[in-house]
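**Q** structure here, sequence nowhere to be found:
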């Protein structure tokens, strides 16, 4: 089936023109008048209203990135981890002497101590934090970091009760030496009034514990 539309002869268009305009008959004398057609009033195309431009996207305000807040207690926090580790290993030695080095309590205490040292090295004494410390505290921080790694290596290589005892002793020594030096250096670098407050507070705590 041929779907193509047939072209309308030109004569048909002329007939329509003649029917609607009789004065044009003189130009086509032999043409029969056609049927007049009623032309529909032109329909104005709908006015396309210009779309209002979408409001410009307001960039989301992001909070300004704050620099890492350095804790004032960088060294004290590190000493706290070492102190916890010292207590854990001492307890581990006692249980290892009674139940063996591979019993549950010594193994758990060693692993917990490793967790403490990992937190010290990866949170409290990162290079970024150490770099912001005053010189006297920076020196202690580097020593504490080196001591922590040394203790960690001792813990990772424990195979006997003697190894555990040695690691426990080293940990306690580090806590005492660096803790004492930190206290003395802190007092030296304080204003006279602040130093007196710290000393008085420590002495009061010692008396309270001895009472």
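**A** Done, it's in. Here the structure is a predicted model, which is why all the values come from computation and not from measurement. Numbers count the residues shown, from 1 in each chain.

**Q** now the lengthiest helix in the chain: mean pLDDT?
**A** Assignment by DSSP state H gives helix 161-188 as the longest helix of the chain. Across helix 161-188, the average pLDDT comes to 93.

**Q** now the helices for this protein?
**A** With DSSP H as the criterion, the chain has helices spanning 10-20, 74-99, 104-119, 127-131, 135-156, 161-188, 192-210.

**Q** turn those into TSV, including mean neighbour count.
**A** For glycine as for every other residue, the C-beta is placed from the backbone atoms N, C-alpha and C. Shown next, in TSV, are the helices of the chain (neighbours: other Cβ atoms under 10 Å):
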stretch	mean neighbour count
helix 10-20	14
helix 74-99	20
helix 104-119	18
helix 127-131	13
helix 135-156	17
helix 161-188	17
helix 192-210	10
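
**Q** least reliable of those going by mean pLDDT?
**A** helix 10-20 (a mean of 55).

**Q** doesn't residue 117 make contact with residue 148?
**A** Yes: here residue 148 reaches residue 117: they are 5.0 Å apart, a contact under Cβ atoms under 8 Å.

**Q** shared neighbours, these two?
**A** Shared contacts of residue 148 and residue 117 (Cβ atoms under 8 Å, 6 or more residues apart in numbering): 81, 82.

**Q** and the residue lying closest to residue 160 once chain neighbours are set aside, what does it touch?
**A** Spatial nearest neighbour of residue 160, excluding adjacent residues (Cβ to Cβ, 6 or more residues apart in numbering): residue 101 at 6.1 Å. Contacts were defined as Cβ under 8 Å, 6+ apart; by that measure residue 101 touches 158, 159, 160, 161, 163, 164.

**Q** give me the distance between the residue lying closest to residue 171 once chain neighbours are set aside and residue 192.
**A** In space, and not counting its chain neighbours, residue 171 is closest to residue 86: 4.6 Å by Cβ to Cβ, 6+ apart. From residue 86 across to residue 192, the span is 33 Å (Cβ to Cβ, to the nearest Å).

**Q** now residue 151
**A** For residue 151, the distance to residue 192 - Cβ to Cβ - is 36 Å.

**Q** again with residue 95
**A** Look at residue 95 and residue 192: by Cβ to Cβ, they are 48 Å apart.

**Q** can you check residue 82 too?
**A** The value you get for residue 82 to residue 192, if Cβ to Cβ is used, is 30 Å.

**Q** same check on residue 133?
**A** 22 Å.

**Q** what do you get for residue 103?
**A** According to Cβ to Cβ, residue 103 stands 53 Å off from residue 192.

**Q** same question, residue 175
**A** 28 Å.

**Q** residue 155: what's it in contact with?
**A** 110, 113, 114, 117, 167.

**Q** residue 76 now?
**A** Counting by Cβ under 8 Å, 6+ apart, residue 76 touches residue 182.

**Q** right, and residue 85 touches residue 113 too?
**A** Yes: between residue 85 and residue 113 there is a contact under Cβ under 8 Å: 4.2 Å.

**Q** need the pLDDT of the residue nearest to residue 160.
**A** 95.

**Q** ok, residue 42 next?
**A** 49.

**Q** same check, this time on the one 10 residues further on
**A** At residue 52, the predicted lDDT confidence score is 58.

**Q** thought residue 151 was touching residue 167?
**A** Yes: here residue 151 lies in contact with residue 167, judged by Cβ under 8 Å, at a distance of 6.4 Å.
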